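Colleague: Provide a 3D model corresponding to the input given below.
(one chain, ligands or ions: 1)
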Amino acid sequence: MPVERKHCQCQDTQGHFLARAFARLNVELELQALLLHPFRETTISVPLKVHNDGKEVLRTYVGHRVQHNHARGPFKGGLRFHPGVSLGETRALAQLMTWKTALVGVPFGGAKGGIAVDPAALSLDALEVLTKRFIQKMAPLIGTHQDIPAPDIGTNPQVMAWILEEYSKSHGYTPAVVTGKPLELGGSAGRLESTGYGVACLTQKAASELSLPVNGARVVIQGFGNVGSHTALRLAELGFHVIALSDVRGGVYADTGIDVSAALRHVRATGWLEGLADTEPISNAELLELPCDILIPAALEATINCDNADAIKASLIVEAANIPVTHLADATLRERGIAIVPDILANAGGVSASYYEWVQNLQEFPWDHETVIRRLEQRLLRVYDEVRDLAQRRGIDLRMAAYELAITRVAEAVALRGF
Ligand code: GLU
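Modeller: Coordinates of the predicted model:
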């Protein structure tokens, strides 16, 4: 999909969902404007000399940090490294974080950052310099009680370690300034797999409510990065049948089920899912339209859109990615009776574990893996029940119920603090 079209869809989609929720909640126009506009948007350019075909060339990379709302606590949200990063996309994703943190009740606001770069095209050294120069320019805006970055698409614990190092140069060792760090530097047990585990836990919950057979329910997962792979591993452990997986190059399919651990070993050895033993190749477009019980988009925005919504055959969609379903596709899927666990609930395991990491850093008291995962699952299941109960009471879908709860909490915090 052309990059521009994807950006428009992601901002439009967010706008449409909010407009519906604001209308249902009778939110006054003045308050709507306050809730919609970001607190601060920062664009930073980072010059960097890189090697290209044996020659040194100067490139200028452009990055953003959008701090949407901090009524409920410090700004919180990931940092994305991807060629498609733009201010518009970052703005939509920052706002999504405000609703996500409010919905799951962690004491944070919402933010998002990103640099338009393909991290795979840079050497590790160049990536380190790029990250540190970006953070040098961002340092006045972040802080343990100001704005706390985390991983997102294209970033990982190593990138978080560079952020910690750069920030600590001027502030002293400050692990709570960033989450998703390596364990050796104050990272939390369970943070790496937390988003995927959360997705799997809510998939199991939603599947049982829809009376789908957990043992043997057929699951298709689009995206095999940190979130997609941990979701797949956990679902396989829980007895689900993962029949298709994909990465940016394409997908693999096995009617009898894929050995997810073998898929992970194959990706570690070759870089891609392509060529995985005992599977057939399949395109990303074909994968989304496979007959299955559960479809889990775990990659970029707008993968389920007007072009394929009619062809989706799953009974349940669990949004592991942020904004993977456009508003028009959402309307089609609702009409077709396909249940959706929305992103701000489905993938909130990540930011919940980030909250636990921040708490552990502030208290300088680490928790064990079992404690993190137990608290994470309890939190997500409790919020799922709240959302499902509201949806049933009001006769609305899970997404609208989740937005209503989140918007109400943020609006109350804003009003209490005063304008
Ligand atoms: N990037 C993740 C998200 O979209 C995690 C954010 C965080 O942990 O702050 O939810």
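Colleague: Hmm, Arg234 and Glu193 touching each other?
Modeller: Yes: the pair Glu193 / Arg234 is scored as a contact, 7.5 Å apart, by Cβ atoms under 8 Å. C-beta coordinates here come from the backbone N, C-alpha and C atoms, glycine included.
Colleague: quick one, which of those two is more surrounded?
Modeller: The neighbour comparison of Glu193 against Arg234 (other Cβ atoms under 10 Å) goes to Glu193, with 24 against 20.
Colleague: Quick check on that one: phi, psi?
Modeller: Dihedral pair for Glu193: phi -90, psi 0, per degrees, to the nearest 10.
Colleague: confidence score at it?
Modeller: With respect to pLDDT, Glu193 has a value of 97.
Colleague: now it: how far from Glu209?
Modeller: 24 Å (Cβ to Cβ, to the nearest Å).
Colleague: Ok, Gly113 next?
Modeller: 36 Å.
Colleague: Average pLDDT for stretch 290-297, rounded please.
Modeller: 98.
Colleague: which strand in this protein runs the most residues?
Modeller: Scanning the chain for the longest strand, with DSSP state E as the assignment, gives strand 55-69.
Colleague: ok, then the element right after that one?
Modeller: strand 75-81 (DSSP states H and E).
Colleague: Neighbours of the residue of the stretch 251-400 of the chain found nearest the ligand, how many?
Modeller: At 3.3 Å from the ligand, Ser354 is the closest residue in the stretch 251-400 of the chain, using Cβ to the nearest ligand atom. Applying other Cβ under 10 Å, we find 27 residues neighbouring Ser354.
Colleague: what comes up buried for whatever helix or strand it lives in?
Modeller: Following DSSP H and E, one finds Ser354 within helix 349-363. The neighbour-count check on helix 349-363 (16 or more other Cβ atoms under 10 Å) flags Gly349, Gly350, Val351, Ser352, Ala353, Ser354, Tyr355, Tyr356, Glu357, Trp358, Gln360, Asn361 as buried.
Colleague: quick one on the thing from earlier: might you report the residue contacts of the residue of the stretch 251-400 of the chain closest to the ligand?
Modeller: Shown in contact with Ser354 (Cβ atoms under 8 Å, 6 or more residues apart in numbering): Lys76, Val106, Ile148, Ala150, Thr179, Gly180, Arg191, Ser194.
Colleague: so the fifth one touches Glu357, yeah?
Modeller: Yes: assessed by Cβ under 8 Å, Thr179 is found in contact with Glu357 at 4.4 Å.
Colleague: Between the two, which contacts overlap?
Modeller: Gly187, Ser188, Arg191.
Colleague: how near is the closest residue to Leu390 other than its chain neighbours to Gln95?
Modeller: Sequence neighbours aside, Ala401 is the residue nearest to Leu390 in space, at 4.1 Å (criterion: Cβ to Cβ, 6 or more residues apart in numbering). Relative to Gln95, Ala401 is positioned 18 Å away (criterion: Cβ to Cβ).
Colleague: Also Ile163?
Modeller: As judged by Cβ to Cβ, Ile163 and Gln95 stand 22 Å apart.
Colleague: could you pull out the strands for the stretch 201-350 of the chain?
Modeller: For the stretch 201-350 of the chain, the strands defined by DSSP state E, counting those that start in this stretch cover 218-222, 241-247, 250-253, 280-282, 294-297, 316-318, 339-341.
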